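Visitor: return atomic coordinates for the entry below.
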Amino acid sequence: MQYREDKATGNKLSALGLGCMRFPRDKTETERMILSALEGGVNFFDTAYAYPNSEVTLGKILNKHGKRKDIYIATKLPLILCKNADDFDKFFNEQLRRLETDYVDYYFMHSIYDFAQWEKFQKMGIEQWIEEKRKSGQIKQIGFSFHGTYDDFLKVLNSYDWGFCMLQYNYYDENYQAGKKGLQAAAEKGLSIIIMEPLLGGRLATGLPKQAVELFKKSDPNLSPADWALWWLWNQSEVTVVLSGMSSNEIMKSNLRSMENYRPLPDKELTVYADVIDVFRKAYKVNCTGCNYCLPCPKGINIPDCLSAYNSSYAQGYITGIQQYMTSTALFSKNPISPRICNQCGKCEKICPQNISIRKSLKKVTGRFEPLPLRLLLKIARRVMLK
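Guide: Numbering: from 1, shown residues only. Below you'll find the model as predicted:
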């Protein structure tokens, strides 16, 4: 494991961090994954109040094995749920209980999307609250995660004495949201920078178009697409920790091997990314990372999986896409949950970090997978299957 220094504290943080949003449902598998991370030298664990069962699971496993003091826990205040100043303590105290700890090493203001939002919480007294928690030792370092424009990022960055920040950043999203310029601006202020979505919800690891995979193989047949994505980030000195939201012990071990084998990339190898991006952009239609923030949908629609199937139908072929779509909608069941039942409430779009026009996208999904002739065939097939 390689470690990079948090300049504000001197802490040595593992260059690979464990993002705890996508823990497997199997608790035994989750425990194996966390133990593999610890054995591999990972010491930065990132969770959040909004990640279902994540804080509770992480707290139990760390304390079961006596590892709490050996690692750094990062979690997040759910700003979107805070209606008044009393909610700051309400959520924070609940997080301490869930994590079975009396302090948090790295505490994020979760998902700031513009400066006006941050100003709202400043007026509610968030800065005074932060200072009280820091003085008490309950919060060691304070930072923010960001999902907005570069201009708003700069305003938030310069509005408070932050210790670190979190950005969505990968070779496909180099100029998305705060992007490369935001990364550099934060580094110039001495902040530690935590990277989320390094694999774009796994799409840069297992969802690349075949032509893109071949381009990587031609450049170096010994590296996997995930290696290329992670190495691109580790190749940048401004990056402190790359968070990978791993969902199995196998993926954890694969990412640890990637870290173990990492070497700086020469300029001649970096040129392959531009060619891969060109292929990728032609193949994928919706920039969904599968973060699941849009769920639960009031109508029960599995939005991320439907959008993933739509993308797959272009990148890996229509048959692959329709198979994935049938699974995600239970299309052959008695009560399928098709995107056609969307009532256009827009709740999903208000909280989507990628600012996707989800309602329009779902119409495109149903247009591709459920044209009228196919709907009639499916209706007949369901009748036959359910007799």
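Visitor: quick one: buried residues of stretch 315-332?
Guide: Under the neighbour-count criterion of 16 or more other CB atoms under 10 Å, stretch 315-332 has 315-316, 321-322, 324-326, 328-329, 331 buried. For the C-beta atoms, the positions are set from N, CA and C on the backbone; glycine is no exception.
Visitor: equivalent analysis for stretch 170-190, please.
Guide: Buried residues in stretch 170-190, counted by 16+ other CB under 10 Å: 170-173, 176-180, 182-183, 185-187.
Visitor: center of the chain, which residue is that?
Guide: In the chain, the centroid-proximal residue (CA atoms, centre = their mean) is residue 197; its distance is 4.3 Å.
Visitor: which non-adjacent residue is nearest that one?
Guide: residue 168 (4.6 Å; CB to CB, 6 or more residues apart in numbering).
Visitor: so what pairs up with the one you found in the strands?
Guide: residue 196 (DSSP bridges).
Visitor: residues contacting it?
Guide: Residues near residue 168 by CB atoms under 8 Å, 6 or more residues apart in numbering: 147, 176-177, 195-197, 289, 353.
Visitor: re earlier: any chance of the buried residues of stretch 170-190 in TSV, with secondary structure and distance to residue 203 too?
Guide: Supplementary listing: those in TSV, determined by DSSP: H, G, I helix; E, B strand; the rest coil; distance: CB to CB, whole Å:
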residue	secondary structure	distance to residue 203
170	coil	9
171	coil	12
172	coil	8
173	coil	11
176	coil	14
177	coil	17
178	coil	20
179	helix	18
180	helix	20
182	helix	22
183	helix	21
185	helix	27
186	helix	25
187	helix	26
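Visitor: same list (the residues you listed) but as a markdown table, adding distance to residue 238.
Guide: Below are the buried residues of stretch 170-190 laid out as a markdown table (distance: CB to CB, whole Å):
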| residue | distance to residue 238 |
| --- | --- |
| 170 | 14 |
| 171 | 15 |
| 172 | 18 |
| 173 | 15 |
| 176 | 16 |
| 177 | 16 |
| 178 | 12 |
| 179 | 12 |
| 180 | 9 |
| 182 | 10 |
| 183 | 5 |
| 185 | 10 |
| 186 | 8 |
| 187 | 4 |
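Visitor: what pLDDT does the model give residue 17?
Guide: Listed pLDDT for residue 17 reads 98.
Visitor: please parse the protein into its domains.
Guide: Domains of the chain are assigned by automatic domain parsing as 3-282, 303-385.
Visitor: and the first one, end to end?
Guide: It refers to domain 3-282. End-to-end distance for domain 3-282: 36 Å, by CA to CA, to the nearest Å.
Visitor: wait, residue 233 touches residue 197, no?
Guide: No - in this structure, residue 233 is not within contact of residue 197 by CB atoms under 8 Å, at 10.6 Å.
Visitor: sorry, back to before: pLDDT score for the residue nearest to the centre of the chain?
Guide: The per-residue pLDDT of residue 197 was computed as 89.
Visitor: for it, phi and psi?
Guide: Main-chain dihedrals, residue 197, degrees, to the nearest 10: phi 50, psi 50.
Visitor: got it, and residue 366?
Guide: Dihedral angles (degrees, to the nearest 10) for residue 366: phi -70, psi -30.
Visitor: from residue 317, how far out is it?
Guide: Residue 366 is 19 Å from residue 317, where distance means CB to CB, to the nearest Å.
Visitor: cool, residue 271 as well?
Guide: The value you get for residue 271 to residue 317, if CB to CB is used, is 28 Å.
Visitor: let's have the contacts of residue 168 in TSV, adding distance to residue 204.
Guide: Converted to TSV, the contacts of residue 168 look like this (distance: CB to CB, whole Å):
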residue	distance to residue 204
147	19
176	13
177	17
195	13
196	13
197	9
289	10
353	17
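Visitor: so which of those is the closest to residue 15?
Guide: residue 195 (10.0 Å; CB to CB).
Visitor: who are the contact partners of the closest one?
Guide: Neighbouring residues of residue 195 by CB under 8 Å, 6+ apart: 166-170, 233, 239, 241-243.
Visitor: and if you look at residue 78?
Guide: By CB under 8 Å, 6+ apart, the residues touching residue 78 are 48-50, 91, 110.
Visitor: can you check my assumption that residue 142 lies in a strand?
Guide: Yes - under DSSP: H, G, I helix; E, B strand; the rest coil, residue 142 falls within a strand.
Visitor: for it, give its distance to residue 349.
Guide: Where residue 349 is concerned, residue 142 sits at a distance of 29 Å (CB to CB).
Visitor: of those two, who's got more company?
Guide: Set residue 142 next to residue 349 and count neighbours by other CB atoms under 10 Å: residue 142 wins out with 23 against 16.
Visitor: Three-state assignment for residue 33, please.
Guide: helix.
Visitor: just checking, it touches residue 244?
Guide: No - assessed by CB under 8 Å, residue 33 is found out of contact with residue 244, at 11.0 Å.
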